[in-house]
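[1] Sequence and predicted model, in that order:
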Amino acid sequence: MKHGTLLATAVLLTATMLTAGAGPARADGDLRKVKHVVVIVQENHSFDNYFGTLPYAPGSIYHSCSADHSRNDHRCVSGLDCTKNFDGSLNCTNSNPDLEGNTVVIYHQPNACSFSPDHDWHAAHHDGNWFHPADTIFYSPNDGFVRWNEPSDPTNTTMSYYTQDDLPFYYDLAQEFAIDDNYHASVPGPTFPNRAYIYAATSFGHLTTSETLPPIPQGYLPITGDIMDLLDKYNVPWTDYYSEVPSTGYFRPFLSPHLVTIDQFAVDAAAGALPPVSWVEANFGVISPRAEESDEDPPADIRAGPYFVSQVLNAVRNGPDWKSTVVFITYDENGGFYDHVPLHEAPQAHAFNPDGIEPGQCADLSDPPQSEQPGGGIQCTVSQENAAAICPGFTSTGPYPPTCAHFNQLGFRVPIMVVSPFSKPHYVSHTLGDHTSILAFIEKRFMTKSGRAPSHPALTLRDANADTLEDLFDFSASPSKNAELPATPPQPSPSDPGCPFPE
């Protein structure tokens, strides 16, 4: 691509996005009733790892989806294939082959602190298609989870799952409010590229968490901008309430006035002073001791996360802003844990990528004009290595091989819970979504005059075409306005099984 062409293409793309059609919306009522959106993004669990046994939970209002289930069956959950034994225990049959050809069957994880399976870019593609990792867009049998992780994880943690006994708060929350069992991470890969999609609808070439630390002081500068840029442009106030380090710091200086500590969230919620858009962030254990980590990233204690989320939700539920708030609770990626649903093509008009940037050929505005060219972006060395691992013929600056893996597919499924007076109660959506769906929801609500327009401002082809997940809501009746939150879950303890995990 010639000098300056990428930037010109990106600018044209962004302008085009302002009138691009979004995904289908099936909400009841007026989206403008939403005055506050709160986003909580935890770490590293697949849908099957956390909610695979939701249809089989004691007293569950849900049932397992059949192979030919109707999309209108909103009481079925696409989870694990299980039957109940006489003693109430589960016999689940999902499996993966190991390197010797033996069958490894999924099993209940007894530990609150567990091993973390590999979930890098090349690992995730091998998980999806062991023999042909670059072809997961065409065929994703999800047959490589055990084989990829077996050398470092002899207990096959990747094939483990939790139950209602382990996650009572989340299971109760999922059955009281609304969830989506077809919601995916944005990229088959680790934390940083997925969190980049959460804020920028692209990872602008990056594939690895090794490049998490942003350039100081300006942060990463995606050519197409980020959601904070759009919020500022449309005069929509926003705040990042952080426990330890703010994820918006990828793209904003750490001294930004939009960044405040987590203690302020409860104060603002009680005062009815929540901003229109806020991110509320757990302790990621970057600086703090592992005992204080609350993001659920293995090997952190999974009980710390539900306790943290419950504190946030209770602050909202008991405050005057509850009547007009939507809280999205999700996970950045699957963390290497097994999920049975194949990787899905990303809704982005069948383009190879959302913004003209291919994997490992990072581009940004860190040092224009050279940084705008493929491979010219800052801090991309490890991404280049990861891209080359499953892409023969890859070069950081040359033409990207068309037969290699692109940014045109979603990652594995992750849990999402939507807590709001507008949530349809006891409701399971099967709508295809990913992290850019939350961006699209924010853009449609706060950046169009009516909240009903078929198009909305967007950053890339990804959020322009993402479904806004409005079928989860009824804005007319507010059917969950009087719903009570589940009981506060127990705090983590050193006596929790498998904890404390060795540092």
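    Structure received.

[2] Tell me where the model's unsure across the chain.
    Flagging of the chain using pLDDT under 70 yields the residue ranges 1-27, 254, 450-454, 501-503.

[3] could you pull out the helices for this structure?
    5-17, 47-51, 121-128, 145-149, 168-176, 191-200, 227-233, 263-270, 304-317, 381-389, 435-447, 461-465 (DSSP state H).

[4] Let me have those helices in JSON lines, adding distance to residue 160 and mean neighbour count as columns.
    The C-beta positions use only the backbone N, C-alpha and C, and glycine is treated the same way. Below are the helices of the chain laid out as JSON lines (distance: least, CB to CB, whole Å; neighbours: other CB atoms under 10 Å):
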{"stretch": "helix 5-17", "distance to residue 160": "40", "mean neighbour count": "17"}
{"stretch": "helix 47-51", "distance to residue 160": "7", "mean neighbour count": "30"}
{"stretch": "helix 121-128", "distance to residue 160": "15", "mean neighbour count": "27"}
{"stretch": "helix 145-149", "distance to residue 160": "11", "mean neighbour count": "26"}
{"stretch": "helix 168-176", "distance to residue 160": "16", "mean neighbour count": "22"}
{"stretch": "helix 191-200", "distance to residue 160": "20", "mean neighbour count": "26"}
{"stretch": "helix 227-233", "distance to residue 160": "34", "mean neighbour count": "18"}
{"stretch": "helix 263-270", "distance to residue 160": "32", "mean neighbour count": "17"}
{"stretch": "helix 304-317", "distance to residue 160": "17", "mean neighbour count": "22"}
{"stretch": "helix 381-389", "distance to residue 160": "25", "mean neighbour count": "20"}
{"stretch": "helix 435-447", "distance to residue 160": "24", "mean neighbour count": "27"}
{"stretch": "helix 461-465", "distance to residue 160": "31", "mean neighbour count": "30"}
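
[5] Among those helices, which comes closest to residue 102?
    Comparing these against residue 102 with CB to CB, the closest turns out to be helix 145-149 (9.0 Å).

[6] Run through who's touching the closest one.
    For helix 145-149, contacts defined as CB atoms under 8 Å, 6 or more residues apart in numbering pick out 96-99, 104, 117-118, 123, 126-127, 130, 156-159, 336-338.

[7] one more time with 6 Å
    96, 98-99, 104, 117-118, 123, 126-127, 130, 156, 158, 338 (CB atoms under 6 Å, 6 or more residues apart in numbering).

[8] Minimum distance to residue 490: which of the helices of the chain has it?
    Smallest distance to residue 490 across the helices of the chain (CB to CB): 7.2 Å, for helix 304-317.

[9] so what does that closest one touch, helix or strand wise?
    Contacts defined by 3 or more CB pairs under 6 Å, 6 or more residues apart in numbering; DSSP states H and E place helix 304-317 against helix 168-176, helix 263-270.

[10] Number of residues surrounding the closest residue to residue 73 other than its chain neighbours?
    Closest residue in space to residue 73, ignoring its immediate chain neighbours: residue 65 at 7.0 Å, by CB to CB, 6 or more residues apart in numbering. Neighbour count for residue 65, taken as other CB atoms under 10 Å: 19.

[11] Check the one 3 residues further on too.
    Applying other CB under 10 Å, we find 5 residues neighbouring residue 68.

[12] Residue 82 versus that one, what's the distance?
    Going from residue 68 to residue 82 by CB to CB, to the nearest Å gives 19 Å.

[13] next one: residue 276
    Noted for residue 276: a distance of 42 Å to residue 82, by CB to CB.

[14] before we move on, what about residue 267?
    44 Å.

[15] Residue 176 now?
    Look at residue 176 and residue 82: by CB to CB, they are 22 Å apart.

[16] Please apply the same query to residue 160.
    14 Å.

[17] do the same with residue 33
    Distance of residue 33 to residue 82, given as CB to CB: 39 Å.

[18] Let me know how buried residue 220 is, in neighbour terms.
    26.

[19] I figured residue 193 was touching residue 187, is that so?
    Yes - using CB atoms under 6 Å, residue 193 is in contact with residue 187, at 4.6 Å.

[20] Name all residues that make contact with the residue most central in space within the chain.
    Central residue of the chain (CA atoms, centre = their mean): residue 332, 3.4 Å from the mean position. Residue 332 is in contact with 41, 43, 191, 194-195, counting by CB under 6 Å, 6+ apart.

[21] repeat for residue 79
    Contacts for residue 79 (CB under 6 Å, 6+ apart) come out as 52, 54-55.

[22] Can you tell me the closest non-neighbouring residue to it?
    residue 52 is the one closest to residue 79 (CB to CB, 6+ apart), at 4.3 Å.

[23] how much space between that neighbour and residue 157?
    From residue 52 across to residue 157, the span is 15 Å (CB to CB).

[24] Check residue 185 too.
    The gap separating residue 185 from residue 157 is 19 Å, by CB to CB.

[25] Looking at those two, which is more packed in?
    Using other CB under 10 Å, the more surrounded residue of residue 185 and residue 157 is residue 185, with 31 against 24.

[26] My guess is residue 472 contacts residue 429. True?
    Yes - with contact defined as CB under 6 Å, residue 472 reaches residue 429; the gap is 5.3 Å.

[27] Comparing those two, which shows the higher neighbour count?
    Set side by side, residue 472 and residue 429 show more neighbours around residue 472, with 28 against 24, by other CB under 10 Å.

[28] The spatially closest residue to residue 475 that is not a sequence neighbour - how many residues pack around it?
    Using CB to CB, 6+ apart and skipping the chain neighbours, the partner closest in space to residue 475 is residue 29 (3.1 Å). Using other CB under 10 Å, residue 29 has 14 neighbouring residues.

[29] quick one: residue 29 from residue 359, how far?
    Where residue 359 is concerned, residue 29 sits at a distance of 41 Å (CB to CB).

[30] what's the distance between residue 145 and residue 346?
    Counting by CB to CB, the gap from residue 145 to residue 346 is 21 Å.

[31] now residue 55
    Distance of residue 55 to residue 346, given as CB to CB: 27 Å.

[32] got it, and residue 265?
    Separation of residue 265 from residue 346 (CB to CB) stands at 32 Å.

[33] Over to residue 376?
    Distance from residue 376 to residue 346, by CB to CB: 24 Å.

[34] Comparing these two, which shows the higher neighbour count?
    When neighbours are counted by other CB under 10 Å, residue 376 and residue 346 differ, and residue 346 comes out ahead with 29 against 22.

[35] what sits against the more buried one?
    Contacts for residue 346 were tallied using CB under 6 Å, 6+ apart; they are 408-410.

[36] which of these has the most neighbours?
    residue 410 (24 neighbours).

[37] now the strands for the stretch 401-503 of the chain?
    Under the criterion DSSP state E, counting those that start in this stretch, strands of the stretch 401-503 of the chain are mapped to 416-419, 427-429, 433-434.

[38] Of all the ones you listed, which one is nearest residue 223?
    Nearest to residue 223 among these is strand 433-434 (20.8 Å), distances taken as CB to CB.

[39] Off-centre distance for the closest one?
    8 Å (CA atoms, centre = their mean, to the nearest Å).

[40] Give me the sheet partners of it and which way each runs.
    strand 183-184 (parallel) (DSSP bridges).

[41] Just the residues contacting the strand it pairs with, thanks.
    Contacts to strand 183-184, defined as CB under 6 Å, 6+ apart, come from residues 410-411, 413, 416, 433-434.

[42] From those, pick the one nearest residue 170.
    Checking those against residue 170 by CB to CB gives residue 416 as the nearest, at 11.2 Å.

[43] Enumerate every residue touching that closest one.
    Residue 416 sits next to 180, 183, 330 when contact means CB under 6 Å, 6+ apart.

[44] was I right about the first one contacting residue 427?
    This means residue 180. No - Residue 180 is beyond contact range of residue 427, at 9.2 Å (criterion: CB under 6 Å).

[45] Can you give me the first-to-last residue distance of stretch 329-347?
    Using CA to CA, to the nearest Å, the end-to-end distance of stretch 329-347 comes out at 22 Å.
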